[in-house]
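1. Turn this into a model:
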Amino acid sequence: MGKIPAPFYRVVVMDSRTKRDGRAIEEIGKYHPTQEPSLIEIDMERADYWIGNGAQPTEAVAALITLVREGNVKTKEQGPTKKERYEAAVAAAGKASGSASTPRKAEKRTETVEPPAATEAEAAPPESPGTES
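-> Here you go, the predicted model:
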């Protein structure tokens, strides 16, 4: 469920013969990996009940269940937000190079460029092909 930059998952019990996105028998938990800290909630009583009745968890759900059972739920550390990290980087860049965030305007050239002077061969008028001296 969710969307591309913000996925979240439901942990459900399903019959293997139903469609992947079909109706679930029971929702037993949820997993939000992008939340800070990441959220893993699984009703272990219901998970144990269904596993005892022959349900086979997928690899991903089995990994989540082992994390919850061992108490080793890995959550994202509460650190600075993306905006705070950006502002710190801009401040550090500003201190290092002065006013680097303000682009300098190109200075207008005031000098004029003169065409190169013509050489003697180019300055002489062309001779007609039939008259030689």
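2. need the next SSE after the helix or strand hosting Val61, C-terminal direction.
-> Applying DSSP states H and E as the criterion places Val61 in helix 59-70. Proceeding N to C from helix 59-70, the next assigned helix or strand is helix 82-97, under DSSP H and E.
3. quick one: buried residues of the strand or helix carrying Glu45?
-> Assigned by DSSP H and E, Glu45 belongs to helix 44-52. By neighbour count with 16 or more other CB atoms under 10 Å, helix 44-52 contains the buried residues 47, 50. Every C-beta, even on glycine, is put in place using the N, C-alpha and C of the backbone.
4. What's the mean pLDDT across it?
-> Mean pLDDT, computed over helix 44-52, is 87.
5. mind exporting it as PDB, just the C-alpha atoms?
-> Written as PDB, here are the backbone C-alpha positions of helix 44-52 (Å, rounded to 0.1, in the frame of the first residue of the first chain):
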ATOM      1  CA  MET A  44       2.000 -12.000  18.100                       C
ATOM      2  CA  GLU A  45      -0.900 -14.000  19.600                       C
ATOM      3  CA  ARG A  46      -2.700 -14.000  16.300                       C
ATOM      4  CA  ALA A  47       0.500 -14.700  14.300                       C
ATOM      5  CA  ASP A  48       1.300 -17.700  16.600                       C
ATOM      6  CA  TYR A  49      -2.300 -18.900  16.300                       C
ATOM      7  CA  TRP A  50      -2.300 -18.900  12.500                       C
ATOM      8  CA  ILE A  51       1.200 -20.400  12.200                       C
ATOM      9  CA  GLY A  52       0.000 -23.100  14.600                       C
END
